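Engineer: Sequence first, predicted model second:
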Amino acid sequence: ETGVTQTPRHLVMGMTNKKSLKCEQHLGHNAMYWYKQSAKKPLELMFVYSLEERVENNSVPSRFSPECPNSSHLFLHLHTLQPEDSALYLCASSQDRWAGGGAGELFFGEGSRLTVL
Amino acid sequence: GQNIDQPTEMTATEGAIVQINCTYQTSGFNGLFWYQQHAGEAPTFLSYNVLDGLEEKGRFSSFLSRSKGYSYLLLKELQMKDSASYLCAVRGDRGSTLGRLYFGRGTQLTVWP
């Protein structure tokens, strides 16, 4: 139990569907992240939110739309995805985005395994 | 660009010692992290190095040489439960990389009985 909860754990969707991934953190952190994890590839940062403001969008296609209604919740809205978007989507949080002198490590959720047919 | 390199796979036997290497070439540096990820689970934080030298934490130790762009994770007294993917990540320290983690592809460690 890392204090970061993601739902659903598994999702299968067609290319015309609209779905959302949800992330909730119970750690009182100020920064939240979406990462994409594909087989044989490094974790790819998608979005960063700090104090509910999006501070980074890492050239992610517009078919992925993040939302951060408060510092504890993060969503990733999905629409008209492609089969190559099939991957594990990981949510993470940290105390602050700029870790300063400390470790400021990330706390990850267990991920949402997405399959696009 | 940021380049983090680590071996894809390693195997070892229970009770042994294994060293997982990570080399990096990045435009800035503000710390190196190791994470452990069991299949189907969340990556979990193992260690953090920002100064040269060895950091020990129980059976796990992590070493950093900033001048060589090199780190290793040392696992002693291996147990079956140590079978997992080990992720090396470097944090940027300037401009658009500030605070951002750059991950390697992960090293899949298999521990045999």
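Structural biologist: It's in.
Engineer: any idea how far the closest residue to A:Leu27 other than its chain neighbours lies from B:Leu46?
Structural biologist: In space, and not counting its chain neighbours, A:Leu27 is closest to A:Gly3: 4.3 Å by CB to CB, 6 or more residues apart in numbering or on different chains. Where C-beta positions appear, they are placed from N, C-alpha and C, glycine not excepted. Note on A:Gly3: its distance to B:Leu46, by CB to CB, to the nearest Å, is 17 Å.
Engineer: Low-confidence ranges, chain B, go.
Structural biologist: Low-confidence segments of chain B (pLDDT under 70): none present.
Engineer: residues in it within reach of chain A, list them.
Structural biologist: B:4, B:8, B:30-31, B:33, B:35, B:40-45, B:48, B:87, B:89, B:91, B:98-106 (CB under 8 Å from any CB of the partner chain).
Engineer: now, which of the residues you listed lie within strands?
Structural biologist: Residues of these located in strands (DSSP state E): B:4, B:33, B:35, B:44-45, B:48, B:87, B:89, B:91, B:101-103.
Engineer: Neighbour-wise, which one of those residues leads?
Structural biologist: B:Leu101 (28 neighbours; other CB atoms under 10 Å in any protein chain shown).
Engineer: Who is the closest residue to it other than its chain neighbours paired with across the strands?
Structural biologist: Excluding the flanking residues, the one nearest B:Leu101 by CB to CB, 6+ apart is B:Ala89, at 4.5 Å. B:Ala89 has these beta-bridge partners by DSSP bridges: B:Phe33, B:Phe103.
Engineer: ok, now how distant is B:Ala89 from A:Ser86?
Structural biologist: B:Ala89 sits 24 Å away from A:Ser86, going by CB to CB.
Engineer: Are we agreed that A:Glu84 is in a helix?
Structural biologist: Yes. The assignment for A:Glu84 by DSSP: H, G, I helix; E, B strand; the rest coil puts it in a helix.
Engineer: If you drop the residues flanking it in sequence, what lies closest to it?
Structural biologist: A:Glu84's closest residue in space is A:Val116 (CB to CB, 6+ apart), at 7.9 Å.
Engineer: partner residues bridging that neighbour?
Structural biologist: Here A:Val116 sits in beta bridges with A:Met13, as judged by DSSP bridges.
Engineer: Surely it is in contact with A:Leu81?
Structural biologist: Yes. Under the criterion of CB atoms under 8 Å, A:Val116 makes contact with A:Leu81 at 4.6 Å.
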